[in-house]
Every structure is written in C-alpha cells, then in structure tokens.
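pasted the sequence and its predicted model underneath.
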Amino acid sequence: MATRDLDPFAPNAAAPAAPLARTAGLTLTEQLAGHFAERIRQRLLSPGARLPSVRDCAQRHGVSPHTVVAAYDQLLKDFGGTHEEL
C-alpha cells in the first residue's frame with residue numbers, strides 16, 4: 001500500500017473518525033491525539049506530512065487552541081520529532 005498525504009480531517013473509508021465527544025472517557029486532548037496517531041499508524045499521514053495549523057484544527061473540532069497544542073505535544077512524545085515537523 002502506497003503512503004500518501006491526505007487531508008488529515010478526511011475520514012478513512014474503512015474506519016470513519018468519530019467526532020470528539022465531551023462526555024467520552026478520554027479527554028478532548030487524548031481523543032484528538034488519538035485521531036492523528038491512528039492516521040499515522042494506518043500510514044494515511046506520511047512521515048513529515050504537515051498537520052493542520054493549531055487555529056484550523058481548533059476551529060474544525062470546536063476545541064480550544066490549547067487543546068490542539070496539547071494533542072500535538074502528545075504526538076511528539078509518542079512519535080518523536082519537532083513542532084516544525086508537525
């Protein structure tokens with residue numbers, strides 16, 4: 001399967017992304033980080049692919065920019081890299 005850069009918000013046809021839920025057992029940060037982590041694991045996001053800007057991601061998901069920064073920080077911790085690479 002070829003690795004390709006897709007819109008990180010576009011749902012995967014095989015497993016559509018669920019919207020963030022404020023009543024879920026996970027924090028919004030954990031849900032958002034998990035959303036992107038799953039796309040990385042499924043190779044829907046290539047190494048070095050740019051993630052959406054903090055502002056764009058926050059607006060699309062209806063969360064605070066601080067939540068997005070925390071989610072991106074979690075991705076860095078889990079997958080390595082730098083903010084510039086996100």
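Perfect, I can see it now.

please count neighbours and contacts with C-alpha atoms only from this point.
Fine.

give me the most central residue, this protein.
Centroid-nearest residue in the chain, with Cα atoms, centre = their mean: Phe36, separated by 2.7 Å.

sec struct for that one, please.
helix (DSSP: H, G, I helix; E, B strand; the rest coil).

can you tell me how far the closest residue to Val63 other than its chain neighbours is from Val54?
Spatial nearest neighbour of Val63, excluding adjacent residues (Cα to Cα, 6 or more residues apart in numbering): Leu28 at 7.8 Å. For Leu28, the distance to Val54 equals 14 Å [Cα to Cα, to the nearest Å].

check His35 too.
Where Val54 is concerned, His35 sits at a distance of 15 Å (Cα to Cα).

equivalent analysis for Ala21, please.
Taken as Cα to Cα, the span from Ala21 to Val54 is 19 Å.

again with Leu75
Leu75 is 13 Å from Val54, by Cα to Cα.

with neighbour numbers in mind, choose between those two.
Ranked by neighbour count (other Cα atoms under 10 Å), Leu75 and Val54 place Leu75 first, with 22 against 16.

quick one: pLDDT of the more buried one?
Here the pLDDT value assigned to Leu75 is 91.

also the one 10 residues further on?
At Glu85, the predicted lDDT confidence score is 51.

ok, now Arg43?
Value for Arg43, per-residue pLDDT: 88.

mind checking how far it is from Val54?
With Cα to Cα as the criterion, Arg43 and Val54 are 22 Å apart.

now Ala58. Nearest residue, chain neighbours left out?
Ala58's closest residue in space is Pro65 (Cα to Cα, 6+ apart), at 5.3 Å.

ugh, typo on my part, it should be Ala37
Leu75 (6.8 Å).
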